[in-house]
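> Here you go, sequence then predicted model.
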Amino acid sequence: MLQVDNIHSYYGDSHVLQGVSVNVKKGSLSVLLGRNGMGKTTTIRSIIGFTPPRQGKIRFQGNEIQKLPSYRVAQLGIGLVPQGRGVFPNLTVKENLTIAARNSSRRGWTLDRIYELFPRLKERASSMGGNLSGGEQQMLTIGRALMTNPDLLLLDEPSEGLSPLMVQEVENIISALKQEGLSMLMVEQNISMALHVADWVYVMCKGEVVFDGSPDDLKRNDAVKHKYLGMSS
Ligand SMILES: Nc1ncnc2c1ncn2[C@@H]1O[C@H](COP(=O)(O)OP(=O)(O)OP(=O)(O)O)[C@@H](O)[C@H]1O
C-alpha cells in the first residue's frame, strides 16, 4: 500500500529525517513510536506532501508520490487525522463532516456510516465543533478524514490529551477500522494502546528508524524499550 524508502526531509537547513524507511501493507496498521522530536510527525508530513523529502522515494499503491503537492496526494486516497485535530470550531459537526466528503465507490463512507461508527457525533450533529469535548473532537477528526474515503489513513497521535476512557474508545475505533480493511499509519505516544492494535511497529530516534518488528518483538526487546521509549521493562 505504502512504501517510504530512505527519505531525507529538512526544515530549512535542519536535516530532520535521515534516511527513513517505513511500510504499510494493505489492510494493516503500522505504528511509529519514539520520544518527542524524533521525526514521527515529519514522516507523516513528508508522506502527505507538507514537508516533501529532498531525497528518497514514497510509493503509494505503486505510484511515486514524493514530488506531488498534498492536494494530489489526498486525491489519490491518503487521508490525514492531524495532530491537534483541527476541527472547524464555527461549523457544526455535520458541516465539519460534509465539507470533507469525497465520493468513492471504493470504500463507501457516507454520513450515515460515520454516524453508525460514532453514534455520539449523530447526537451532536447540530453542535458547533468548538463546543465538543476533546474526545468528541477526535472522533470528528477521524470521521472527517473517513469522509474523504481514503485507502490509507495517516493518524498523528489520535490519543493525545484524551482521558483513559476516551483512549480506549479511540482504540476501539481503530480496531473497527482495521476490521473494515482500512490501511493505516499511526504516530502514537501511548505505547500500550499502540501495541494492542499495531501489526507492525517502527521506533524512531533522531530522524532514523532504530527498530522495526511485530508488537511481540518489541515487547520482548527490553533494550529498545528502555533506550528509545523510556520504559522500565
Ligand atoms: N516547522 C519546523 N521547523 C523547524 N524544525 C522543526 C519544525 N517542526 C519540527 N521541527 C523539528 O524537527 C524535529 C522532528 O520533529 P517532529 O515533530 O517530526 O517529531 P515527533 O517525533 O513527531 O515529536 P512530537 O511527538 O513532539 O510531535 C524536532 O527536532 C523538531 O524540533
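Alright, I've got the coordinates. Numbering: from 1, shown residues only.
> Could you tell me which residues of this protein lie near the ligand?
Residues of the chain found near the ligand (C-beta under 6 Å from any ligand atom) are 11, 14, 16, 34, 36-42. Glycine gets a C-beta too; all of them are placed from N, C-alpha and C.
> how about the helix or strand hosting Leu97: buried residues?
Applying DSSP states H and E as the criterion places Leu97 in helix 93-98. For helix 93-98, the neighbour count (16 or more other C-beta atoms under 10 Å) marks 93-94, 96-97 as buried.
> All the helices of the chain, in order from the start?
Along the chain, counting by DSSP state H, helices occupy 40-48, 70-76, 93-98, 111-117, 119-123, 134-146, 164-179, 191-197, 215-220, 222-229.
> what helices or strands is the first one leaning on?
Applying 3 or more C-beta pairs under 8 Å, 6 or more residues apart in numbering; DSSP states H and E, one finds that helix 40-48 contacts strand 2-11, strand 14-24, strand 29-33, helix 70-76, strand 78-81, strand 152-156, strand 183-187.
> strand partners of the third one, parallel vs antiparallel please.
The reference is to strand 29-33. If you go by DSSP bridges, strand 29-33 pairs up with strand 183-187 (parallel), strand 200-205 (parallel).
> just the second one next, same as before
When pairs are called by DSSP bridges, strand 14-24 turns out to pair with strand 2-11 (antiparallel).
> Name the surrounding residues that touch the strand it pairs with.
Strand 2-11 is contacted by residues 15-24, 42-43, 45-47, 51-60, 66, 152, 183, 185 when judged by C-beta atoms under 8 Å, 6 or more residues apart in numbering.
> got it, and stretch 173-183?
Contact partners of stretch 173-183, identified using C-beta under 8 Å, 6+ apart, comprise 1-2, 24-29, 107, 117-118, 139, 142, 146, 150-153, 155, 158, 184, 186, 197.
> out of those, which are buried?
Neighbour-count burial (16+ other C-beta under 10 Å) applied to the contacts of stretch 173-183 gives 1-2, 24, 28-29, 107, 117-118, 139, 142, 146, 150-153, 155, 158, 184, 186, 197.
> where does this protein have low pLDDT?
Within the chain, the ranges that satisfy pLDDT under 70 run 103-106, 233.
> what do you get if the cut-off is 50, keeping everything else the same?
Scanning the chain for pLDDT under 50 picks out no residues.
> Can you pull up the most central residue in it?
The centroid of the chain falls nearest to Leu155 when counting by C-alpha atoms, centre = their mean (1.4 Å).
> and it, what is it in contact with?
If you count contacts by C-beta under 8 Å, 6+ apart, Leu155 has them with 81, 142, 174, 184-188.
> Please report how far it lies from Ile78.
When distance is defined by C-beta to C-beta, to the nearest Å, Leu155 is 12 Å away from Ile78.
> now what about stretch 15-27, what contacts it?
If you take C-beta under 8 Å, 6+ apart as the criterion, stretch 15-27 is touched by 1-10, 30, 32, 39, 42-43, 46, 53, 56, 152, 178, 181-185, 199-200, 202, 204, 206-209, 212.
> Can I have the buried ones of those as a ChimeraX selection?
The ChimeraX selection below is limited to those of the contacts of stretch 15-27 classed as buried (16+ other C-beta under 10 Å):
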select :1,2,3,4,5,7,8,9,10,30,32,39,42,43,46,53,56,152,178,182,183,184,185,199,200,202,204,207,209,212
